[in-house]
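A.B. asks: Structure here, sequence nowhere to be found:
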């Protein structure tokens, strides 16, 4: 945990606001702990300052070279750039899902680095719309957080279908287009229940602007689609998801609802089954890591969930891979 002294808070504020290459500030940063510098990186990400965040995470890795989450974040930062509005080429398509008509603005130039709409998003919404019971169980009246929201189709659908609140999160460089999609599809009361926030996976706590109306990091339901696409990112996703799951209220928390392609492309492959040698879908790495997090009891001593399990609710035919609807509870 960060030190709570006034001197430490002043130091962190100064580093975040100032030129971090200034010799005096560099000297101050050398005295800061890994946790303090890591927190600065998270705050810079929340503000959309990718360049400053990259530098903070690099300094955090210098402070603790063995911190695996920091190392993975630094590696991924090699491809991140801050995006400014506007971009020159945006593709607009209409998607009709049951009673919903949604306009999806996608990035044809990859300036936002989020490309087009992935198949898992409309598959999850269509599955929910198949029965009224599913909407009652997983949408209506719930406080929802979406991880890796992308173009926002899932989060905006939840808002239109009656969620009490929806927090859509993704990396800072993807937020401008995500916000444009939210603004295009939601108006009035629907828009009032939706918020967009930067969130880099690997953190055990949400940014200050991503808190739930329920208080702190507590949400009724976590949703995500096609988030297990990179073996190096899955451990970071698992850390963030485990934190959110453990903080759900024991009586009302519904876990996570995920739509995940059934592909097996990771190298080395994800293994499991009775003898531990069967090749599993890549997304099973996430459930294995969540199980490990539960066994380590990172939230020991706090009320809430202490363990969870995964259930495949449906497998929906799709190309190039069928998509599993997975409930983690």
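C.D. replies: It's in. Not measured: the values here are computed from a predicted model. Residues are numbered from 1 along each chain as shown.
A.B. asks: Low-confidence stretches in this protein?
C.D. replies: 1-29, 45-51, 75-89, 108-115, 188-191, 204-205, 207-217, 249-252, 295-307 (pLDDT under 70).
A.B. asks: which residue ends up closest to the midpoint of it in space?
C.D. replies: Centroid-nearest residue in the chain, with CA atoms, centre = their mean: residue 147, separated by 2.8 Å.
A.B. asks: Contact partners for that residue?
C.D. replies: Going by CB atoms under 8 Å, 6 or more residues apart in numbering, residue 147 touches 169, 199, 201, 222, 223, 224, 227, 237, 240, 241. Using the backbone N, CA and C atoms, a C-beta is placed for each residue, glycine as well.
A.B. asks: Next: residue 37.
C.D. replies: Counted by CB under 8 Å, 6+ apart, residue 37 has contacts 29, 56, 59, 60, 63.
A.B. asks: Closest to residue 246 out of those residues?
C.D. replies: residue 60 (23.7 Å; CB to CB).
A.B. asks: Specify the local secondary structure of that closest one.
C.D. replies: Assigned with DSSP: H, G, I helix; E, B strand; the rest coil, residue 60 falls in the helix class.
A.B. asks: Give the burial count for residue 141, as a bare number.
C.D. replies: 10 (other CB atoms under 10 Å).
A.B. asks: and the two most separated of the contacts of residue 147?
C.D. replies: Spatial extent of those (CB to CB) is set by the pair 201 and 223 at 14.9 Å.
A.B. asks: Settle it for me: which of those two has more neighbours?
C.D. replies: Comparing residue 201 with residue 223 by other CB under 10 Å, the one with more neighbours is residue 223, at 28 against 22.
A.B. asks: ok, now how distant is residue 136 from residue 128?
C.D. replies: According to CB to CB, to the nearest Å, residue 136 and residue 128 sit 10 Å apart.
A.B. asks: Looking at the two, which has the bigger crowd around it?
C.D. replies: Shown here are residue 136 and residue 128; by other CB under 10 Å, residue 128 has more neighbours (23 against 12).
A.B. asks: Which secondary structure state is assigned to the nearest residue to residue 167 once chain neighbours are set aside?
C.D. replies: For residue 167, ignoring the flanking residues on the chain, the nearest one in space by CB to CB, 6 or more residues apart in numbering is residue 145 at 4.4 Å. Taken by three-state DSSP, the conformation at residue 145 corresponds to strand.
A.B. asks: Residue 145 and residue 224 touch, don't they?
C.D. replies: No: using CB atoms under 8 Å as the test, residue 145 is too far from residue 224 to be in contact (9.2 Å).
A.B. asks: re earlier: would you check which pair of the contacts of residue 37 lies furthest apart?
C.D. replies: 56 and 63, at 10.4 Å, using CB to CB across the contacts of residue 37.
A.B. asks: quick one, which of the two is more surrounded?
C.D. replies: Neighbour totals were compared for residue 56 and residue 63, and residue 56 leads with 26 against 17 (other CB under 10 Å).
A.B. asks: Name the next helix or strand following the helix or strand encompassing the more buried one along the chain.
C.D. replies: Element membership for residue 56 (DSSP states H and E) is helix 50-63. Downstream of helix 50-63, the first helix or strand assigned by DSSP H and E is helix 68-76.
A.B. asks: Confirm residue 308 sits in a strand?
C.D. replies: No: counting by three-state DSSP, one finds residue 308 to be coil, located in no strand.
A.B. asks: I figured it hits residue 293, correct?
C.D. replies: No: at 9.2 Å, residue 308 does not count as touching residue 293 under the criterion of CB under 8 Å.
A.B. asks: Which member of the contacts of residue 147 is positioned nearest residue 162?
C.D. replies: Distance to residue 162 across the contacts of residue 147 (CB to CB) is lowest for residue 223, with 14.2 Å.
A.B. asks: Centre of the chain to the helix or strand containing that closest one, how far?
C.D. replies: Residue 223 belongs to strand 221-225 when elements are defined using DSSP H and E. Strand 221-225 sits 9 Å away from the centroid of its parent chain (CA atoms, centre = their mean, to the nearest Å).
A.B. asks: quick one: strands adjacent to it?
C.D. replies: Its sheet considered, strand 221-225 pairs with strand 143-146 (parallel), strand 256-261 (parallel) by DSSP bridges.
A.B. asks: Kindly reformat these as TSV containing mean neighbour count and distance to residue 39.
C.D. replies: Output for the strands paired with strand 221-225, formatted as TSV (neighbours: other CB atoms under 10 Å; distance: least, CB to CB, whole Å):
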stretch	mean neighbour count	distance to residue 39
strand 143-146	25	20
strand 256-261	25	25
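A.B. asks: Tell me which of those sits nearest to residue 194.
C.D. replies: strand 143-146 (9.8 Å).
A.B. asks: which element follows that closest one toward the C-terminus?
C.D. replies: For strand 143-146, the following helix or strand on the C-terminal side (DSSP H and E) is helix 153-160.
A.B. asks: That following helix - contacts with which helices or strands?
C.D. replies: Where contact means 3 or more CB pairs under 8 Å, 6 or more residues apart in numbering; DSSP states H and E, helix 153-160 is packed against strand 100-107, helix 120-129, strand 143-146, strand 165-170, helix 175-185, helix 189-192, strand 194-198, strand 221-225.
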